[in-house]
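Colleague: sharing a model prediction with you, sequence too.
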Amino acid sequence: MMGRSIRRAERSMSKTYLPYDPDQQLLLPAALQEWLPPDHLAYFISDVVDQLDLSAITARYEEERRGGPPYHPRMMVKVLLYGYCNGVASSRRIARRLHEDIAFRVLAANNTPDFRTISDFRKDHLEALGELFLQVLELC
């Protein structure tokens, strides 16, 4: 009821504003990549990680036969590396950013692993992640 009276009052005003409708539904799914400039750090991180040899990480998953499918290691590395580059190292903060930050969402392809998954990935692959940083330095 209150919303209608506000809308009537807005129509009676003489000033014209750009359309604003927080409840507006998108007609097509949003392409998150369109919300970042083409020279954004997230794309650079993505390109670098795509060139890295992740076999030390993926080998562990090839041997594992129990449980559900894991998040893609390449996505997890991109999210961790981008977090480190932006001073976000906490698993809980990264998990929060995966919901709130467009760049994190682009890198994760809208996946949202929880903080335990991020923390476990980091712990399980600590040595391999250290070697990946050496690969990054070699690429640079």
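Modeller: It's in. Since the model is a prediction, treat every value here as computed from it, not as a measurement. Numbering: from 1, shown residues only.
Colleague: ranges for the helices of this protein?
Modeller: For the chain, applying DSSP state H gives helices covering 2-12, 41-50, 55-63, 73-85, 91-100, 102-107, 115-124, 126-139.
Colleague: so for the second one, mean pLDDT?
Modeller: If I follow you right, that is helix 41-50. Mean pLDDT, helix 41-50: 95.
Colleague: so which of the helices of the chain comes closest to A30?
Modeller: Among these, the nearest to A30 by CB to CB is helix 102-107 (9.9 Å). (C-beta placed from N, C-alpha, C; glycine too.)
Colleague: name the residues that touch that closest one?
Modeller: With contacts defined as CB atoms under 8 Å, 6 or more residues apart in numbering, helix 102-107 is touched by 32-33, 35-36, 40-42, 45-46, 75, 78-79, 82-83, 94, 97-99.
Colleague: out of these, which end up buried?
Modeller: Buried members of these, scored by 16 or more other CB atoms under 10 Å, are 32, 36, 42, 45-46, 75, 78-79, 82-83, 94, 97-98.
Colleague: TSV for those residues, including distance to L132?
Modeller: As requested, the buried ones among the contacts of helix 102-107 are exported to TSV (distance: CB to CB, whole Å):
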residue	distance to L132
L32	25
L36	23
A42	17
I45	12
S46	14
M75	14
K78	11
V79	13
Y82	13
G83	14
I94	17
R97	20
L98	20
